[in-house]
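Q: from the sequence below, what's the structure:
(2 chains)
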Amino acid sequence: MISAHSPAVSASRAKRWGSFFYAEQVLRVMRGYGWSVFLYSVGQPVAYLFAMGIGLASLVDANSAAVFGGVNYLTFIAPALLVSSAVMTASGDFSYPIMDGFKWRRVFYGPHASPLVPQQIAAGHIMASALKFLVQSVVYFAIVAMFGASPSPWGWVSAIVATVAGLSFGLPLMAYASSITKDSGQFALVQRFIVVPLFLFSGTFFPLDSLPLGVRWIGWVSPVWHGTQLGRVFTYGLEENPLLTLTHVVFLLGAAAAGWTLTRRQFVRRMGA
Amino acid sequence: MHNEATRSFSTSASLQMNPPAVITAENLTKSYGELTAVDGISFEVPAGESFGLLGPNGAGKSTTMKMIGGVSQRTSGKLSIMGLDPETHGPEVRAHLGVVPQQDNLDEELKVRENLIVYGRYFGLPLSYLRPKADELLEFAQLTDKAKSRVDALSGGMKRRLTIARSLINEPKILLLDEPTTGQDPQARHILWDRLFRLKEQGVTLILTTHYMDEAEQLCDRLIVVDKGRIMAEGSPASLIREYSTREVLELRFGSERNATIGVELAGIGERVETLPDRVLIYANDGESALEQVSARRLRPLTSLVRRSSLEDVFLRLTGRSLVD
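A: Purely as a prediction, here's the structure:
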């Protein structure tokens, strides 16, 4: 029977790979829900693309195709649905599971007693979730492509954009979730008053500038809008000012980075170094 | 010359006979704002010893354990585990330890065996080691036939044993157990004690907190009695009982009305009389003869019981309060 390697080896491996070790745990837990994740990531796009892209589009395209930049309605909304789907998954993965980790079943405190540090536990959770968003977005994009809604050869980049958009919404949420010590329905409020408005008012179903100025700002601060517009650039070559395109990239990466930084800080504060 | 050489040889030989301390705490203090949870405690634990922290809830036991476990930073004092400071070498210290927390924090959605393997991964252990080790530990924890069950299907006692098995995945030389059997039924507790005793026999250093005196007596070579963050006494269970109590205790119940007032009438019997709300304790080296003296004074208790002194009595003597309220 071989024996365990020395504590010094454990510590140095944990220091280098600890985030991946924890990501492995999260992925193993996800595997238990593999089927529902798969059905969600295939079933949801098919249903949406069919209802909006085929049903609603038949009315929209007959009337005002010009409003949507010369592409058909299905092509217009496909990147938006792709991004929204990643953001909605993020709103689940970065809220209740964090509360679970700190409070309900205290799952973060198991690895905390091992050589891992809180920052690595946060990073592992983030990495596993990001991988999930990516797989889900790639599947979603493949279905979009099958519907013929991504004419550009660069369309596949939109799956990466959707993953980043998921993180740029999800990581600030994770920072918030890791600061909550008592659940009094905050996540349900986030769902109703942040996720849903972002979904509706982020240029998802109609261009943002067709909205009155009073609500247009929702799009400007929305990862869904920035992600959607960027996705459109890749799937059908949406023409916009390159500076604006750059702004989308900076916004998405900036929000994700800020969220990650705050999350790390909160994890360390909560669990001690 | 020759003499000196012999002397230095004998010094190093005697050092080898006393195993070096694996844990040293000096004036260890932890404050949360105004509250001082641990108030300057000092102790040393040599390798292979079973060392207990006995005290009521809120005494500072768990806080001390968290500092030893490298997951909570001390406010002041010195602490060294295997020669390392947990504040600056957290991962290295934790790599030496197995930890059984007060509340189980297993991965409920994973299968029993997978819990062990995932935990071993945190130590960077390869699957070629972890697979046979997990099976060995399941055997040790008497959970082999539950290997493929999900954790949420286990009973409380099984979960506790799985938590202990998980803490052993890295073959730690030091095991921290925070109230290992609290909330378990008597049968489950005996199984746990048996498992822990086997670890002790294998030379694992056990550090455990408990508010059960019987647990402390069963498992600890030496213990400190802690109250309000301070050490009240230190020693082996037997020596503490010898020092702070009599050999036997006579427990009398006169009914809640009379218990409070009977103390005066019992004065002079045994070495000491302690009046509790539900019973009166007479500390005496010979409990039976103390009972005879009670009868001679025509005091008729509803029930009487002679038992040996326990750590509960030590605690009562030291603090004036019972361990479990």
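Q: interface residues of the stretch 51-200 of chain A facing chain B?
A: With Cβ under 8 Å from any Cβ of the partner chain as the criterion, the stretch 51-200 of chain A comes near chain B at residues A:105-107, A:109-117. Quick note: C-beta positions are derived from backbone N, CA and C, even for glycine.
Q: most neighbours, which of the residues you listed?
A: Neighbour counts for those peak at A:S114, which has 30 neighbours (criterion: other Cβ atoms under 10 Å in any protein chain shown).
Q: ok, the residue of the stretch 151-273 of chain A found nearest chain B - contacts?
A: Taking Cβ to the nearest Cβ, chain B has its nearest neighbour within the stretch 151-273 of chain A at A:G272, 5.1 Å off. Residues in contact with A:G272 (Cβ atoms under 8 Å, 6 or more residues apart in numbering or on different chains) are A:118, B:66, B:71-73.
Q: quick check: the two most widely separated of those residues?
A: Spatial extent of those (Cβ to Cβ) is set by the pair A:P118 and B:K66 at 13.7 Å.
Q: just the buried ones among the contacts of A:G272, please.
A: Buried subset of the contacts of A:G272 (neighbour count, 16 or more other Cβ atoms under 10 Å in any protein chain shown): A:118, B:66, B:71-72.
Q: can you tell me which of those residues are in helices?
A: Members of the buried ones among the contacts of A:G272 lying in helices (criterion: DSSP state H): A:118, B:66.
Q: next, format the buried ones among the contacts of A:G272 as TSV and append distance to B:V294.
A: TSV is the format used below for these (distance: Cβ to Cβ, whole Å):
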residue	distance to B:V294
A:P118	60
B:K66	47
B:V71	52
B:S72	50
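Q: nearest to B:G235 among the buried ones among the contacts of A:G272?
A: B:K66 (24.8 Å).
Q: number of residues surrounding B:T182?
A: For B:T182, using other Cβ under 10 Å, the count is 16.
Q: let me know the secondary structure of B:E92.
A: With DSSP: H, G, I helix; E, B strand; the rest coil as the basis, B:E92 sits in helix.
Q: please identify which helix or strand holds the residue lying closest to it once chain neighbours are set aside.
A: What sits nearest to B:E92 in space, not counting adjacent residues and going by Cβ to Cβ, 6 or more residues apart in numbering or on different chains, is A:A11, at 4.3 Å. Assigned by DSSP states H and E, A:A11 belongs to helix A:7-31.
Q: in the helix or strand that that helix is followed by, what counts as buried?
A: Scanning forward in sequence from helix A:7-31 by DSSP H and E, the next helix or strand is helix A:34-48. Buried residues in helix A:34-48, counted by 16+ other Cβ under 10 Å: A:37, A:40-41, A:44-45, A:48.
Q: closest to B:Q293 among the buried ones among the contacts of A:G272?
A: For these, with B:Q293 as the reference and Cβ to Cβ as the criterion, the closest is B:K66, at 48.9 Å.
Q: tell me the pLDDT at the closest residue to the closest one other than its chain neighbours?
A: Once flanking residues are discounted, B:K66 sits nearest to B:S72: 3.7 Å by Cβ to Cβ, 6+ apart. In this model, B:S72 is scored at 92, pLDDT.
Q: ok, B:S72 to B:L311 distance?
A: According to Cβ to Cβ, to the nearest Å, B:S72 and B:L311 sit 27 Å apart.
Q: same thing with B:H96?
A: Shown here: B:H96 relative to B:L311, a distance of 29 Å by Cβ to Cβ.
Q: so who does A:W156 touch?
A: Counted by Cβ under 8 Å, 6+ apart, A:W156 has contacts A:138, A:141, A:150, A:234.
Q: so what's the residue count around A:G32?
A: 15.
Q: next, it: phi, psi?
A: Here is the backbone geometry of A:G32 (degrees, to the nearest 10): phi -60, psi -20.
Q: same deal with B:H89?
A: Per degrees, to the nearest 10, the backbone of B:H89 is at phi -130, psi 50.
Q: number of nearby residues for it?
A: 18.
Q: picking that back up, now do the residue of the stretch 151-273 of chain A closest to chain B, the pLDDT please.
A: If you check A:G272, the pLDDT there is 78.
Q: got the contact list for the residue of chain A found nearest chain B?
A: Checking chain A residue by residue against chain B with Cβ to the nearest Cβ singles out A:R13 as nearest, at 2.7 Å. Taking Cβ under 8 Å, 6+ apart, we find A:R13 in contact with B:123-124.
Q: please apply the same query to the one 4 residues further on.
A: With contacts defined as Cβ under 8 Å, 6+ apart, the neighbours of A:W17 are B:G124.
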